[in-house]
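>>> need the 3D shape of this:
(chains A and B)
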2 protein chains.
Amino acid sequence: MKSIHVKASTHSYDVTIGKNIRFDLSKHVPLDQYSSVFVITDETVHDRYGESFVQSITHDRVHTAIIPSGEQSKSIDQYYELLTKALSYGTDRKGLIIAFGGGVVGDIAGFVAATLLRGIDYIQVPTTILAHDSSVGGKVAINHPLGKNLIGHFYAPKAVIYDVDLLKSLPVHEIRSGYTELIKEALIDDPILFEQMIEHSLSSKSAEDFIPFIQRGIEIKKRIVEEDERESGVRAYLNLGHTLGHAIEAHAGYGKITHGEAVAIGLIFCMYVSEQQFSIHLPTKKLYQWFVKNEYPIQLNEADIENYISGMKKDKKVQQNRIYMVLLETVGKPVSVGFTTTQLTALLTEFIKEMHTWEQEG
Amino acid sequence: MKSIHVKASTHSYDVTIGKNIRFDLSKHVPLDQYSSVFVITDETVHDRYGESFVQSITHDRVHTAIIPSGEQSKSIDQYYELLTKALSYGTDRKGLIIAFGGGVVGDIAGFVAATLLRGIDYIQVPTTILAHDSSVGGKVAINHPLGKNLIGHFYAPKAVIYDVDLLKSLPVHEIRSGYTELIKEALIDDPILFEQMIEHSLSSKSAEDFIPFIQRGIEIKKRIVEEDERESGVRAYLNLGHTLGHAIEAHAGYGKITHGEAVAIGLIFCMYVSEQQFSIHLPTKKLYQWFVKNEYPIQLNEADIENYISGMKKDKKVQQNRIYMVLLETVGKPVSVGFTTTQLTALLTEFIKEMHTWEQEG
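Model (predicted):
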């Protein structure tokens, strides 16, 4: 068991990583100080782990809400339904919400906690690799038809209980998705970690092999969000690959491609743009090849360029009509650069051509 | 012109009180630093003051949303519609929201600002006496069918521009409503101010006569919210009269009785309960008589007691099944006390009998 201490502006909290620690909640959270516990989870997680987890919670008043699995649950209607449930169960200001699931559950449960009775406590019990990212840093949100995570807040959990036992049943596209965010963190901060991460194929790894990478990923993220909780500066670096990534997700329709798979394409694009912008060489093609070898769906259509650009224009990081993208001066040195849509269209066109060449080279 | 400096946990801001200062926004707010301005107002305010105000804003990109007047606008649907409008207008993280109206507009516009793109800046330009209260302290919220302000957050504005010129057209029930909150602040903090406030009838006062009371009210509120922004301690004192007040509002149906008129009954009740609880004498009957003389609808029906109690049980201040109410040990010395529903039912029954006696005494 390993704990990482994270300082938020409102309070500090521990991210504890270990095996089967979800059954010892009261060791990590003062459950007896809460008037009620409201577990929010999704169908997939509930089917597999829900009953035993809920039964293990040592509290008189435990309620559970099960939302459909997938990004489409981050909707205003689902949000309102959860608020209504919590209120109907008599949740008061001393109530605790537990987000038991992946990023979707964490995001919407956190936003419910942030806005129920002007904010009550919540903890994260992540069930995916990807959620290592969303469970640290306090970003909570739901989606809007005009874009992802457009409605939300910064609201840190009281604790994160990361039970790696829950990772063992993850489907391969979820592993790919989560691993991309770990690669992103390595690209931002740690060239050696980056090389280690793409040394072997994903299929050769057991769930426990991911622990050291998850730990490093959380440490990198923690350092950045402590420095800049509200994303006015360095925190934006965590969006490496996300500007195009979000646009790809939105265009495909949420749930058609995983978040991390979309970000994987975004990462390659950012590295490609960095090479053009700074006249440098980066391991862009090497990462591209690793993604392809591990069966990431790395594809973009020229016919969709306009859609990608208009998706990127809806990004929260757009300011004064310039689309800001995180680039790399080198692996481990991110920097934010603003582009006009004309510039981005040209870059994206060139990038797609370059990918076609790589494809043909095999 | 007078400025009161308020320290919130995230930043400090000024409440500026003056005549016609709404037309000099750029003197108080760095408008040129914002990418767009989104004015949220209601029909009543817009009809009377909207056009000239919006035209006076020195910015290239000004959009306006006009919501129906009244408490029913603090709904999830209206909230979502405003978010959608802001996003459709291309609002980015450097966008500014202006809440131009009374408490309803301030509450919903503030909650939109708190949750749009995880939080953008907003300022308050209050148009009522009552809004002196809601515009300071950063409480933002919408209502839920199960209770008032159950969905919201603590999110302080960047500035409050209090233009007393806007008070001149207030209808009398709005003046009564706002004046109640000023009386409440005096009861919490300042016995001499309290006596001054009920010395004369409301009808004898011009809009400008309210300025010193508004200023003192804001100063009292500022001191309390600076000490306890998130309502874990002394801030709860500001709820004097509100536990029953909110229940009366909810039972009547929002908009049937003004907030302050409902709180007026709540204040009398709290003073009555304080007298029983601490075996003291308070100017309860004197305040009751002043309210009656000034045509406040001070009435409660015995038949509705159960409804009032169940309304009070939905209050955010309910903890571990006890309903917490603010009482007065004396005028200027508030204290929070928890009651069971049985106790409250008995007290409310006695109180209604006592009011009947007062009525008959004339």
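
>>> where does A:Phe210 sit: helix, strand or coil?
Assigned with DSSP: H, G, I helix; E, B strand; the rest coil, A:Phe210 falls in the helix class.

>>> got the contact list for the residue nearest to it when sequence neighbours are not counted?
Leaving out its chain neighbours, the residue that sits closest to A:Phe210 by Cβ to Cβ, 6 or more residues apart in numbering or on different chains is A:Ile129, at 6.0 Å. C-beta coordinates here come from the backbone N, C-alpha and C atoms, glycine included. Contact analysis of A:Ile129 by Cβ atoms under 8 Å, 6 or more residues apart in numbering or on different chains lists A:167, A:170, A:174-175, A:177-179, A:181-182, A:210, A:214.

>>> residues making contact with the helix or strand bottoming out on mean pLDDT in chain A?
Ranking every helix and strand in chain A by mean pLDDT, DSSP states H and E puts helix A:131-134 at the bottom, with a mean of 88. Helix A:131-134 is contacted from outside by A:101-103, A:106-107, A:124, A:126, A:162, A:178, A:181-182, A:185, A:214, A:217-218, A:221, A:238, using Cβ under 8 Å, 6+ apart.

>>> what strands flank the strand or helix carrying A:Phe100, and is each parallel or antiparallel?
In this assignment (DSSP states H and E), A:Phe100 forms part of strand A:95-101. Taking DSSP bridges as the criterion, strand A:95-101 forms sheet pairs with strand A:36-42 (parallel), strand A:121-126 (parallel).

>>> let me have those strands in TSV, extended by mean pLDDT, mean neighbour count and distance to A:Val54.
TSV is the format used below for the strands paired with strand A:95-101 (pLDDT from 0 to 100; neighbours: other Cβ atoms under 10 Å in any protein chain shown; distance: least, Cβ to Cβ, whole Å):
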stretch	mean pLDDT	mean neighbour count	distance to A:Val54
strand A:36-42	98	24	6
strand A:121-126	98	26	11
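
>>> for the host helix or strand of A:Lys27, output the C-alpha coordinates as CSV.
A:Lys27 belongs to helix A:25-28 when assigned by DSSP H and E. Included here for helix A:25-28 are C-alpha records, laid out as CSV according to Å, rounded to 0.1, in the frame of the first residue of the first chain:
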residue,chain,number,x,y,z
LEU,A,25,-12.9,2.1,3.6
SER,A,26,-13.2,3.1,7.3
LYS,A,27,-9.4,2.8,7.7
HIS,A,28,-9.1,5.7,5.2
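
>>> what helices or strands is it leaning on?
strand A:159-163 (3 or more Cβ pairs under 8 Å, 6 or more residues apart in numbering or on different chains; DSSP states H and E).

>>> now do 10 Å
strand A:12-18, helix A:51-56, strand A:121-126, strand A:159-163 (3 or more Cβ pairs under 10 Å, 6 or more residues apart in numbering or on different chains; DSSP states H and E).

>>> so what does the second one touch, helix or strand wise?
Helices and strands touching helix A:51-56, as assessed by 3+ Cβ pairs under 10 Å, 6+ apart, comprise helix A:25-28, strand A:36-42, strand A:62-67, strand A:95-101.

>>> return the most buried member of the ones you listed.
Most buried of these by mean neighbour count (mean count of other Cβ atoms under 10 Å in any protein chain shown) is strand A:95-101; its value is a mean of 28.

>>> wait, does whichever helix or strand comes after that one make contact with chain B?
Counting by DSSP H and E, the next helix or strand C-terminal to strand A:95-101 is helix A:103-115. Yes. In terms of Cβ under 10 Å from any Cβ of the partner chain, part of helix A:103-115 sits within range of chain B, namely A:111-112, A:114-115.

>>> which one of the residues you listed is nearest A:His259?
A:Phe111 (17.0 Å; Cβ to Cβ).

>>> now do the contacts for the spatially closest residue to the closest one that is not a sequence neighbour.
Residue nearest to A:Phe111 in three dimensions, not counting chain neighbours: A:Val140, with 4.2 Å by Cβ to Cβ, 6+ apart. Listed by Cβ atoms under 10 Å, 6 or more residues apart in numbering or on different chains, the contact partners of A:Val140 are A:99, A:106-115, A:122, A:134, A:149, A:151-157, B:115, B:118.

>>> how does chain A divide into domains?
A:2-169, A:186-361 (automatic domain parsing).

>>> comparing those domains, which comes out most buried?
Highest mean neighbour count among the domains of chain A (mean count of other Cβ under 10 Å): domain A:2-169, a mean of 21.

>>> contacts for the helix holding A:Lys27, please.
A:1, A:3, A:13-14, A:16, A:18, A:21-22, A:31-32, A:37, A:53, A:56-59, A:98, A:123, A:125, A:158-161.

>>> what helix or strand does A:Gly119 sit in?
Counting by DSSP H and E, A:Gly119 is found in no helix or strand.

>>> list the residues that contact it.
A:10, A:93, A:113, A:153, A:155, B:152-154, B:230-231.

>>> please tell me the pLDDT value assigned to it.
On the pLDDT scale, A:Gly119 is placed at 97.

>>> low pLDDT regions in the stretch 201-350 of chain A?
In the predicted model of the stretch 201-350 of chain A, residues A:254, A:316-317 satisfy pLDDT under 70.

>>> which stretches in it count as strands?
A:323-330, A:333-339 (DSSP state E, counting those that start in this stretch).

>>> contacting residues around the last one?
In this case it means strand A:333-339. Contacts for strand A:333-339 (Cβ under 10 Å, 6+ apart): A:184, A:187-189, A:191, A:224, A:233-234, A:236-240, A:243, A:270, A:273-274, A:277-278, A:312, A:317-329, A:343, A:345-347.

>>> and chain B, which of those residues contact it?
Okay, of those touching chain B (Cβ under 10 Å from any Cβ), that's A:317-321.

>>> can you add distance to A:Ala247 and give these back as a markdown table?
Below are those laid out as a markdown table (distance: Cβ to Cβ, whole Å):
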| residue | distance to A:Ala247 |
| --- | --- |
| A:Lys317 | 12 |
| A:Val318 | 12 |
| A:Gln319 | 17 |
| A:Gln320 | 19 |
| A:Asn321 | 17 |
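
>>> going by distance to A:Pro145, which of those residues wins?
Nearest to A:Pro145 among those is A:Val318, at 17.3 Å by Cβ to Cβ.

>>> what about the closest residue to that closest one other than its chain neighbours, which SS state?
Once flanking residues are discounted, A:Val318 sits nearest to B:Asp92: 5.1 Å by Cβ to Cβ, 6+ apart. Put simply, B:Asp92 is coil when judged by three-state DSSP.

>>> tell me if I'm right that A:Gly70 and A:Val45 touch.
No. Here A:Gly70 does not reach A:Val45: they are 11.8 Å apart, not a contact under Cβ atoms under 10 Å.
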